[in-house]
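Peer 1: My questions are about this predicted structure, shown below with the sequence.
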Amino acid sequence: AQTVTQSQPEMSVQEAETVTLSCTYDTSENNYYLFWYKQPPSRQMILVIRQEAYKQQNATENRFSVNFQKAAKSFSLKISDSQLGDTAMYFCAFMKHGLRGATNKLIFGTGTLLAVQP
Amino acid sequence: NAGVMQNPRHLVRRRGQEARLRCSPMKGHSHVYWYRQLPEEGLKFMVYLQKENIIDESGMPKERFSAEFPKEGPSILRIQQVVRGDSAAYFCASSTSGNSYEQYFGPGTRLTVT
C-alpha cells in the first residue's frame, strides 16, 4: 500500500522569503503522479502543482516548484517570494498511474500548515 | 463552465438522523470520487463511482454509509444514523475518465453531528 508522509505539521515564513515543505512517500509502483494541493481557510482544495514520475525535470508553476527525487521517494515544494495569500494548509498527494479498471484515488499526507508573516 | 458543486455546504444533524450530501460533477464529467477529511487530518478516499455504477468502495465504512450516482442527477453520499465520529468535511471530485489524473474538487460539505 502507498503512504504519504509530511513530517512538518506547521511552518512559518516571512513575506517575500522562500520556504520548502517536505514530503516523502512509499510505493512499489514505477508509474505514478505526485501533487501538492493548497487548502486555504475556505477549505477549497486547490491544485498547486503536479509531477509525473516518469519525468526527470522538476515541475514549476510560477513561484511554486518541486524537488522530485524518485530514488529517495521525496517530493518537496518550494514557494518563492512568499505572499500573505499563500497562508494555507498544504497537502502532498500520490496517485498511481491510471490503468483501465483501476481506481485513480488520491492518497494524501496529513498536511503542513503554512503561515506567511507580514 | 461551472465547477464541481456540492450542497449543502454546511449540514447539522443530531445523532441518529440521516445525512444526505450531494455532488454535481463538472459538465462532461462522468466519474466521481468522495473523500472524507476528519479534523486535523488529510483527505481519505471513500468511494469511486461512474454513472449508475460503484466502481470502488474500498474506503467506505462497512455500515451506515452508501453512495450512488444515478443516470440523471447528482451523486449522493448517504449516512444513516449519524454518530459524532461522522463529523467531518466531505469532498467530492470529478474527472472526465477513470484513467485521468485530473480530479476537480468541490468546496466540500461540513457535517456536524450534535
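Peer 2: Now that the structure is in, tell me what you want to look at. Just so you know, these numbers come straight off a predicted model, no measurement behind them.

Peer 1: Who is A:Met89 paired with across the strands?
Peer 2: Taking DSSP bridges as the rule, A:Met89 bridges to A:Gln39, A:Leu113.

Peer 1: Touching, it and A:Arg43? I think so.
Peer 2: No: counting by Cβ atoms under 8 Å, A:Arg43 is not a contact partner of A:Met89; they are 9.1 Å apart. Where you see a C-beta, it was placed from the backbone N, CA and C, and this is true even at glycine.

Peer 1: which secondary structure element contains the most centrally placed residue in chain A?
Peer 2: Central residue of chain A (Cα atoms, centre = their mean): A:Trp36, 2.8 Å from the mean position. Per DSSP states H and E: A:Trp36 is located in strand A:32-39.

Peer 1: And A:Met89 and A:Arg43? Which one has more around it.
Peer 2: For A:Met89 and A:Arg43, the more surrounded residue by other Cβ atoms under 10 Å in any protein chain shown is A:Met89, and the numbers stand at 20 against 16.

Peer 1: residues contacting the more buried one?
Peer 2: A:38-40, A:111-114 (Cβ atoms under 8 Å, 6 or more residues apart in numbering or on different chains).

Peer 1: Report pLDDT for it.
Peer 2: Looking at A:Met89, its pLDDT reads 96.

Peer 1: how much space is there between the residue of chain B found nearest chain A and A:Leu47?
Peer 2: The nearest approach of chain B to chain A comes at B:Asn99, 3.0 Å away (Cβ to the nearest Cβ). Distance from B:Asn99 to A:Leu47, counting by Cβ to Cβ, to the nearest Å: 18 Å.

Peer 1: ok, now B:Val83?
Peer 2: Here the criterion is Cβ to Cβ. By it, B:Val83 lies 33 Å from A:Leu47.

Peer 1: one step back: so the residue of chain B closest to chain A, which state does it fall into?
Peer 2: At B:Asn99 the chain is in coil, as set by DSSP: H, G, I helix; E, B strand; the rest coil.

Peer 1: A:Asp86 contacts A:Val116, correct?
Peer 2: Yes: counting by Cβ under 8 Å, A:Asp86 does reach A:Val116; the two are 5.1 Å apart.

Peer 1: Could you pull out the strands in chain B for me?
Peer 2: Secondary structure of chain B (DSSP state E): strands at B:5-7, B:10-13, B:19-24, B:31-37, B:43-50, B:53-56, B:65-68, B:75-79, B:88-95, B:104-105, B:109-113.
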